[in-house]
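A.B. asks: no letters, just coordinates:
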C-alpha cells in the first residue's frame, strides 16, 4: 500500500529522471528507480519483508554493478510444494519458504502461514523465497522456483 503521505514519488517525478515506479511482484510493488543528478536512487517499500525482497532483487545487483562486480541473477532450485496455494495473484509472489521432510527421503517446500509483508518473523522462520508465478494456483506436489537465502 502506498500512503497518502508518501512524498517521494511526487518529488521524483518533479526533480529526477524517473526510470520506473512500481513493479509486478508481491511483496514489493512500490519500488522506485530514478537518477538524480546522474546519481542512482532506489526507493524501497516500507514493509520489512517487501523491503528485504526488493533489496535482494534490486539494490544488491545495483550496488554490485556500481562496484564493477557484474553478477548473474540467482538461479532457483525447483522444488515441490508441501501444500496448496490458496488463490492466484496478478503479480509474481515471493513467499517465505523452507524445505521440510514430508516423508522419509522426500522434501517439499513449506510456506509461511501468511503472505503479509509486515511479518518480519516470516524471514526468521524461512530459509528462502518460493516464487509463485502470477495467475497460477499451484497445488501440493507442483514444482515452484525456490531461492535459498544463500543465493543472494
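C.D. replies: Perfect, thanks for sending it. Everything quoted here is computed from the prediction, not taken from an experiment.
A.B. asks: the residue most central in space within the chain: what's it in contact with?
C.D. replies: With distances taken as CA atoms, centre = their mean, residue 53 lies nearest the centre of the chain, 3.6 Å away. Going by CB atoms under 8 Å, 6 or more residues apart in numbering, residue 53 touches 25, 27-28, 94, 117, 129. In this view, the C-beta of every residue, glycine as well, is placed from N, C-alpha and C.
A.B. asks: what residue ranges in the chain score low on pLDDT?
C.D. replies: The model of the chain has pLDDT under 70 over residues 1-5.
A.B. asks: could I get the full set of helices for it?
C.D. replies: Taking DSSP state H as the test, the helices found in the chain are 8-15, 48-54, 60-66, 121-125.
A.B. asks: beta partners for the closest residue to residue 17 other than its chain neighbours?
C.D. replies: Excluding the flanking residues, the one nearest residue 17 by CB to CB, 6 or more residues apart in numbering is residue 35, at 4.5 Å. Residue 35 has these beta-bridge partners by DSSP bridges: residue 17, residue 40.
A.B. asks: who's in contact with residue 35?
C.D. replies: Here residue 35 is in contact with 16-17, 19, 41 (CB under 8 Å, 6+ apart).
A.B. asks: thanks a lot, see you next time.
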